[in-house]
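>>> need a structure here:
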Amino acid sequence: MVVREIYADAICSQCGVFYTRAQIDAWSSLAWLPGILDKTLIQGSGWVSMHNQDTEAFVVRYPENRLALLYSRGRSARRGHATALLERCELDAQEEGQTVLVTEASFLRYDPQRSALIE
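The predicted model follows:
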């Protein structure tokens, strides 16, 4: 499943500044372990972002008021995929009557002075 590939790629290609290799390997391996993401991916609702014919990013809400997953391939970072998906996710939630979306995700941003992702 392509979203599992994106999940693993996003972690492996963008988290080296913050995490050890062991932490990255453990986190990215969750994409392939049976049962870990299954319920969210099967029962959640979401969107993918494409460039040409390639899927570059995805977002999933599960349950309805929670932004569960938002990941982008490293090669597509800082190109607007996640922003567009977040906006679409928020619009869908509003149309479905949700007034709040919760998440427990980390916030990463790009510092052009350092040319690296920072917290």
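
>>> burial count for the closest residue to S29 other than its chain neighbours?
Setting aside the residues directly before and after it, S29 is nearest to A8 in space (C-beta to C-beta, 6 or more residues apart in numbering), at 7.8 Å. C-beta here means a position set from N, CA and C on the backbone, and glycine is covered the same way. Look at A8: counted by other C-beta atoms under 10 Å, it has 20 neighbours.

>>> am I right that A8 falls within a helix?
Yes: checked against DSSP: H, G, I helix; E, B strand; the rest coil, A8 lies within a helix.

>>> show me the strands in this protein, by range?
Ranges of strands within the chain are 45-51, 54-61, 67-72, 109-111, 116-118, based on DSSP state E.

>>> rebuild the ones you listed as TSV, extending it with mean pLDDT and mean neighbour count.
What follows is the strands of the chain, written out as TSV (pLDDT from 0 to 100; neighbours: other C-beta atoms under 10 Å):
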stretch	mean pLDDT	mean neighbour count
strand 45-51	96	16
strand 54-61	97	22
strand 67-72	95	22
strand 109-111	49	10
strand 116-118	45	13
